[in-house]
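Colleague: sequence unknown, structure follows:
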Ligand code: EPU
């Protein structure tokens, strides 16, 4: 009988990952395997049980890689979009983990399935989207997830997790809290509302001039979100970045009130749990980091929350700048900024 690990995708050796991470960090993987079929994924449990160590790569848009990556890199590249079911309320649309996120959103809108258009133009893959529970322009992915199919590598088993089992939070999930080699998300099924309602609460979107001409439709919201993002966020293909580099910090109400007294301009949003979310971009800008560089990296000149790679940076350059920004924001405002992307280890013991 063939060993199930024979089904693994071939190992590519000494692979440069610069083109596989949107920060374009110089990084090398000793071994890369690209998963294009479910049988290959099922072979991964056995491979890990035999001692292989590694982590799962999607579109590489939310990662800080070290120059020399520890363990194997397992890239999720399954493709396919299907309408699984129609209920009275929803279209249930399933997309494989390797589908590029933005193309998937565009395909849904083109087929008349609205509900994801506020998340247009976010880089990365469908499989990576639940990991950090992507969110933008008044919508979080979690609100549209029906279920997530994933292979749990150490347990060697397939799982189908309902949205409520995914532990979603602001830029967080049970997948993000686990080791990056624990889950391989192979597909996500979305419940998209048949009675579509535009979601225009976010100020930039509410103010969009197009709504004066015609009532919003999924396509026009999609176009508006793309235009708003293009106006202020750098395109990773031109200026490498990983989107927001820090989470917006959530502080206790008393701390927020004290801060607002000293700094009346700080944008702040009360949360349902009593905390207050602050705009990290504002804190970083006020701390003098907007448009400022340290070595080959810097904080973007149009959006202070986006860390950009101007040259030939490695992960350590990024972490040095992140540390300097965090220190200045802490000194000035007493607020600790948390790095948003996943940091990949350079030592096997840390995987
Ligand atoms: N602001 C500044 N300086 C700047 C940029 C913004 O003071 O350089 C202020 C703005 O005036 C505004 C506030 O900060 O009052 C918030 O700015 P923005 O609307 O651009 O949103 P954000 O909180 O910085 C978040 C997400 C983005 C998402 C946008 C829109 C996080 C960490 N980031 O950014 O997500 O696109 O809202 O919904 O929550 C990402 O995660 O990669 C990402 C781009």
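Modeller: Okay, I see it. Keep in mind it's a predicted model, so treat the numbers as computed, not measured.
Colleague: which SS class is the closest residue to the ligand within the chain?
Modeller: The minimum distance from the chain to the ligand, using Cβ to the nearest ligand atom, falls at residue 243 (2.2 Å). Quick note: C-beta positions are derived from backbone N, CA and C, even for glycine. Under the three-state scheme (DSSP: H, G, I helix; E, B strand; the rest coil), residue 243 adopts strand.
Colleague: contacts only, for it.
Modeller: Residues counted as contacts of residue 243 (Cβ atoms under 8 Å, 6 or more residues apart in numbering) are 61-62, 122-123, 233, 306, 340.
Colleague: now the strands for the stretch 151-300 of the chain?
Modeller: For the stretch 151-300 of the chain, the strands defined by DSSP state E, counting those that start in this stretch cover 157-162, 183-193, 241-244, 250-251, 268-270, 276-278, 293-294, 297-299.
Colleague: model confidence for residue 2, exactly?
Modeller: On the pLDDT scale, residue 2 is placed at 57.
Colleague: three-state assignment of the residue nearest to residue 187 when sequence neighbours are not counted?
Modeller: Distances taken as Cβ to Cβ, 6 or more residues apart in numbering put residue 149 closest to residue 187, at 4.3 Å, once the chain neighbours are dropped. Assigned with three-state DSSP, residue 149 falls in the strand class.
Colleague: which SS class is the nearest residue to residue 140 once chain neighbours are set aside?
Modeller: Spatial nearest neighbour of residue 140, chain neighbours left out: residue 133 (5.8 Å); criterion: Cβ to Cβ, 6+ apart. Classification of residue 133 using three-state DSSP returns coil.
Colleague: any idea how many residues pack against residue 133?
Modeller: By other Cβ atoms under 10 Å, 21 other residues sit near residue 133.
Colleague: these two touch, right, it and residue 174?
Modeller: No. Contact criterion Cβ atoms under 8 Å: residue 133 and residue 174 do not qualify, at 10.3 Å.
Colleague: gap between the two ends of stretch 43-60?
Modeller: 23 Å (Cα to Cα, to the nearest Å).
Colleague: still on that earlier bit, I'd like to know how far the residue nearest to residue 140 sits from residue 173.
Modeller: Residue 133 sits 5 Å away from residue 173, going by Cβ to Cβ, to the nearest Å.
Colleague: hey, what's in contact with both of those two?
Modeller: residue 142.
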